[in-house]
Structures are given as structure tokens and as C-alpha cells.
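Visitor: Let's see this in three dimensions:
(2 chains)
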Amino acid sequence: MAAVVEVRGLVNRFGNQVVHDRLDLEVGKDEVFGIVGASGSGKSVLLRSILGLQRPHAGVVKIDGHDITHLSEAQLRPIKARYGVAFQQGALYSGLTLLQNVQFPILEYADVARPALDELARLKIRLVGLAAEAAGKYPAQLSGGMVKRAAIARALALDPRLLFLDEPTSGLDPVSAAAFDDLVLYLQRQLRLTIVMITHDLDSIFRTCNRVGVIVDGRMVSDTLERIVNHPHPWIQAYFHGERAHARLGGGVQRGA
Amino acid sequence: MAVEVRRSAAGLELELTGEWGALQFPLLEAQLAAVDLTAAREVLIGTERLTALELSGAWALREFVRRARTAGVSVSFRGEPPDQLRLVEETLQESARGAAPAAAPARAPRAVVLAIIGRDAVAVGREMLAGLAFVGRAASTLARSLTSLKRLRPISITRHVYDTGITAVPITALIAFLISVIVAYLSAQQLRGLGVDIYVVDLVAIGVLRELGVLLTSIIVAGRSGSAFAAELGSMKLNEEVDALTATGIDPFEVLVVPRLLGLTIALPLLTVIADLIGLAGGAVLCRYLLEMPLTQYVNRVSYAISYSTFWVGMIKSPVFALLIAGAGCYHGLQVRSSARELGRQVTLAVVQAIFFVILADALFAVLFMKINF
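Guide: Numbers count the residues shown, from 1 in each chain, chains lettered A, B, ... in the order given. Below is the predicted model:
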């Protein structure tokens, strides 16, 4: 099966500092793929490269088989309609209500008329578990957890099959974070989404991801969750078997390698 | 074609084809609306040829099914009804449990008008109070800051003198030059007919020193720095930097407002001096080439026409204008709440109010100076 997201030989540099050194990544259909890495390892740069916000120095980024690194803005537009992005801080348009935020991409891409437009946007808002009353509120009136959900509602406005999440559970209390993981799983199953998410949250990784990619030394090591925890690289060992991971792993996964 | 319609013995057969997503929604909606249900008693829907049925498409289908059923037509699917329909129903029902709040009872129109007047009056009153509170707090913080050098934050003040003053020198000089040329040219045209073109010098010198130098400089600075103050403080406010200061026990007025007030109060008088000099030079150039007046005669006439007070009338006003501009900029910057649009609105208000206050104050000064014969 063709990969939904495919990155080959990605190189990103800032001056002399090499962030990505021939990084490879492949995400298949219906996967929930978690991207993990130390702070400063270039997770956000990777996401920006995949989204076409930043041209990499070298390498190929394919979404649904289309190489996006050499396309113009106009050629990128139809491809951008195929995926949704929920940014870390939500990045909701502060001058628009939640309803208008969700309607905005629909209006830009498809000329949907009024009553149906409202209903479609409300459907997406309800789908992510927000109350109907939230639709009329401005982003500043929403709580942190609601903003995260609202960002997903907007990302899903155009019915994409591919969803990017940037640290979806950061800044949420454990209960809300668990509920959020459930939402991600629910959406993945119901809408048959492919999800790529950057996260630090071990609970979230163990609950939602089937495959995990770890950025170490500018490269990506990716494997299924069961296998990656036993990878010999010291940072990966420290990440999955460190002090904070112990509670989670318990006796479930044997420390190996 | 997203919907193919066939007539059968019992009614209609709909064959759904292609991709049904948000991007195709207008087409789907139009085609489903075009399906004529009047003669039909039964509708059979086939979904095997759909390549993708997304949530938006499913919603369109659901609406169609509802329309058909309310028209008394029975709807059935060939095979299983698509899963997405169930998801749409589930999603909509779940929120129905949370029962939407009853709509607010409509008020009589007269009461609405009254309510609007009342609300606006209260808003205006609140704004005036907030403005007054700002002036009071800025003044008391300023007084406190003056007691110690550390609190005065000289480095910060220097930065503002540089940003609002030194970088504004070229544009201020250019405008002062052009304005004095305009005044000289205009008055030369009128006074020549009377044969008293020597008075052009008086007009330029007095006009520039008393009014134009300081007024135009203030208006340029209001546009440049008043907006910059409001935008800086406004985005800090949006970024919660102001809250971070307060939470650290640092008074944002001391760190943000007072250095800007003082910085501009130093910069604007200096800019005014430059504008005065360049303005007089502009007058000299025009008198030399248009009126063919020797430079020595121009200088003599200027020193005859003006006194110390002419210069000081302009200079006294400039720190007052500086405080008004910086105050308006900082006040509106700190008023920014929650959205990018609000930031734009407050920056606009800052500049408009700064210019308005400057001109109003100038008018008051004119009356005052006339009364005391200054």
C-alpha cells in the first residue's frame, strides 16, 4: 500500500547546525504515527517541512504520492485540502467565533451556502465533543482543552483523511489528556483517518499510536511501539525507560536489548 | 455526476457515485435538491459506487433522507446503510442530550433602543474612568520612578529616545523643509501684490517656530511612535507578557509605560528643534531663489521678526504633546484584549486620539498664550 506521508533523505540546516541529516519517514494508511524527540531535535521543523511551510535543503516529501517540495503555492493548494492540521496553541483565528473558524476553510475551498454551511460546521464542532453553545464563542472565551478540540474541528472542516497534531495533549490535565486521546482514537476509527502527531506524552503514545518515530542524531528511527521501546539507542532507552516512564511501562514491556 | 436517478416501477432509484466530501458539497447539495420526489412512493439508494463518503457528504445524504421521509416517501438502501450516516446521527443526538438553551425572549423594539443607549453610555463612562485611572497610575508611577535611578530605567529610556527620536530625524527634517517652502511660497504670492514681500520672512519664521514645527513633528511622531507603542504593548498583552510582569511583582507601568513617556518627552523637543532649524533653512532657500533676497537680509529680518518667546512658545508645547502621544499609545496598547482585530482597533484609536489631543491642546495653548500676551 502506498504511504500517505513519505519523507526521503530530508536535510534541514540552520547555518552550520544540521537539524535533519537524511531523515526518512513513512506513514501508512490508517496509522496513528507518533513523532518523538528531544527538545530541539527538529520535530517542529520536520512538521513544517511536511506541511510545506518550509522548503527543506534536500530531500523529498510526498503526501498521497505527490512530491510537495517542488510545487508552487497554487499547485500545493489542492493537496493542502487533503490534510488538516491542529497546531499546538490551536492557532484559532482570534477575530472569528468558533463556528466561523470552522466555516472559514469550507468557504475558501467550496462555495457552500448558508444554512448547510452552519450545519456542517456545527456537525464538526459536535463531533469533537464540544457543546453547541461553544460555537458562538470567540477563541479567547474558550478553555485550553476546548481550544485543542476546536483546533481539531477546524482541521476536519474539509473532511481530510490525514490529520497532523502538534503536541495535542500538552497543557492538559491528565484526565482531559486521556479524554483527548480517546477522542483521537474515536475520530481515527470513525473517519478512518491517518494521524501524524508530535507528542511528548508517554501515556498518549501508549494509548493511541501504533507506530512511533524517534528523531535521534538528525535521523528518524521508526518502528512499531512494541519494538521501538527495546531499541538500543541510549536516548530512546532513556525516553521509554526513564524515571517518568516507569509507572507507565510497569512490568508490561520488558526492558530489553 | 454525483447522483444518478433512475425511475423504477415503485419510485426512484438513486445511484451515488464518486467522492462525497466537503469539497464536493455544493454539487451534492444541488443534485440532491434537484431530485423530484413528488411522484415517488419509494426511494432506493445504492452506495456501492461511492469512492468515499465523508462526513459532509453523509450529512447531505441524511438531510435528503429526512426530506424524503417527511414527504411521505419510504427510503431504503441497497445493502447496509452507510456507516457514516449512523455517525452523523450519533453526533447530532449526543449534543441534543445537552439540550440547547432556550432562545432569549425577544424584547420590545423600544426597549432595545433604550438598552443600546444605556449600554453605550455605560461603556463611554467606563472608558473615561479607565483613561483617568491610567493617567493617575502613570503619574504616580512616574513620581515613584523619579526617586531612584534604577527604577527610572535609563537604558530603556535611551532605547525609546533612539527609536522615537533619532530614527525619526530624516522624515521630520524633510517634512519641515517642505512645509516651510509651502508657507513661504503661498505667502510670497499674496504679499508680492502688496509690495511687502519682506513679510514672507516674518510669516515663515513665526509660523514655523510658534506652530508648524512642533505641530507637524508631533503629528509625524503620533503616526510613527504612538502606533508603535500601542502595537508593542498590545502584542505583549496578547502574549501574556504584561501578566508575566505583574505576576513577578514588577509593575508594568514602571517598566513599560514610564520609559516610553519619558523617552518621548526627551525625543520630541529635540526633534522640534531640528524641525525649527530646517524650517527656517527652507524659508531661506525659497527667499533666496524665489524672492531673490540675499541671505544676510533674510537672517537680519528673521532676528528682527522673532524674539526668544517665539521659539519658546513652540518648545513649551512639545513635551506636553509628547506626553499626550505616548499616553494615548500606551493606554490603548494596554487596553488590547484577546484578539488580533482588537489590536488593530486599539492601534488605530491610539493614533487618532494622539493626533486629536495634540491639535486640541495646541488650540488651548493658542488661546492661553493670547490671553497672557506671550
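Visitor: for chain B, what are the nearby residues on the stretch 51-200 of chain A?
Guide: A:81, A:93-95, A:106, A:109-113, A:116, A:119-120, A:123-124, A:126-127, A:131-133, A:138-140, A:156-159, A:161, A:190-191 (Cβ under 8 Å from any Cβ of the partner chain). Glycine gets a C-beta too; all of them are placed from N, C-alpha and C.
Visitor: Number of residues surrounding A:Ala113?
Guide: 11 (other Cβ atoms under 10 Å in any protein chain shown).
Visitor: Look up how far B:Gly314 lies from it.
Guide: Noted for A:Ala113: a distance of 61 Å to B:Gly314, by Cβ to Cβ, to the nearest Å.
Visitor: likewise A:Lys62?
Guide: 68 Å.
Visitor: Over to A:Leu99?
Guide: 55 Å.
Visitor: which of those two has more neighbours?
Guide: B:Gly314 (25 against 21).
Visitor: Now the more buried one. Nearest residue, chain neighbours left out?
Guide: B:Val214 (4.5 Å; Cβ to Cβ, 6 or more residues apart in numbering or on different chains).
Visitor: Touching, that neighbour and B:Ser318? I think so.
Guide: Yes: using Cβ atoms under 8 Å, B:Val214 makes contact with B:Ser318 at a distance of 5.0 Å.
Visitor: Compare neighbour counts for those two and give me the winner.
Guide: B:Val214 (29 against 25).
Visitor: residues near A:Leu187, how many?
Guide: Applying other Cβ under 10 Å, I find that A:Leu187 has 18 neighbouring residues.
Visitor: oh, I was asking about B:Leu85
Guide: 18.
Visitor: Please apply the same query to A:Gly242.
Guide: A:Gly242, neighbours per other Cβ under 10 Å, totals 12.
Visitor: What of A:Gln54?
Guide: 13.
Visitor: what sits against A:Lys124?
Guide: A:Val102, A:Ala153, A:Arg154, A:Leu156, A:Ala157, B:Leu55 (Cβ atoms under 8 Å, 6 or more residues apart in numbering or on different chains).
Visitor: The same query, at a cut-off of 6 Å, please.
Guide: A:Val102, A:Ala153, A:Leu156, A:Ala157 (Cβ atoms under 6 Å, 6 or more residues apart in numbering or on different chains).
Visitor: now it: how far from A:Leu99?
Guide: Distance from A:Lys124 to A:Leu99, by Cβ to Cβ: 10 Å.
Visitor: Give the residue spans of the stretch 51-200 of chain A that score low on pLDDT.
Guide: In the predicted model, the stretch 51-200 of chain A carries no residue with pLDDT under 70.
Visitor: residue ranges of the strands in it, please?
Guide: A:58-63, A:66-67, A:83-86, A:162-166, A:194-198 (DSSP state E, counting those that start in this stretch).
Visitor: now those strands as TSV including mean neighbour count?
Guide: Listed next are those as TSV, based on neighbours: other Cβ atoms under 10 Å in any protein chain shown:
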stretch	mean neighbour count
strand A:58-63	18
strand A:66-67	12
strand A:83-86	23
strand A:162-166	23
strand A:194-198	24
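Visitor: any chance of those in TSV, with distance to B:Val169 too?
Guide: Output for these, formatted as TSV (distance: least, Cβ to Cβ, whole Å):
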stretch	distance to B:Val169
strand A:58-63	47
strand A:66-67	52
strand A:83-86	46
strand A:162-166	45
strand A:194-198	48
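Visitor: Please name the residues that touch B:Arg153.
Guide: Taking Cβ under 6 Å, 6+ apart as the test, what B:Arg153 contacts is B:Pro259.
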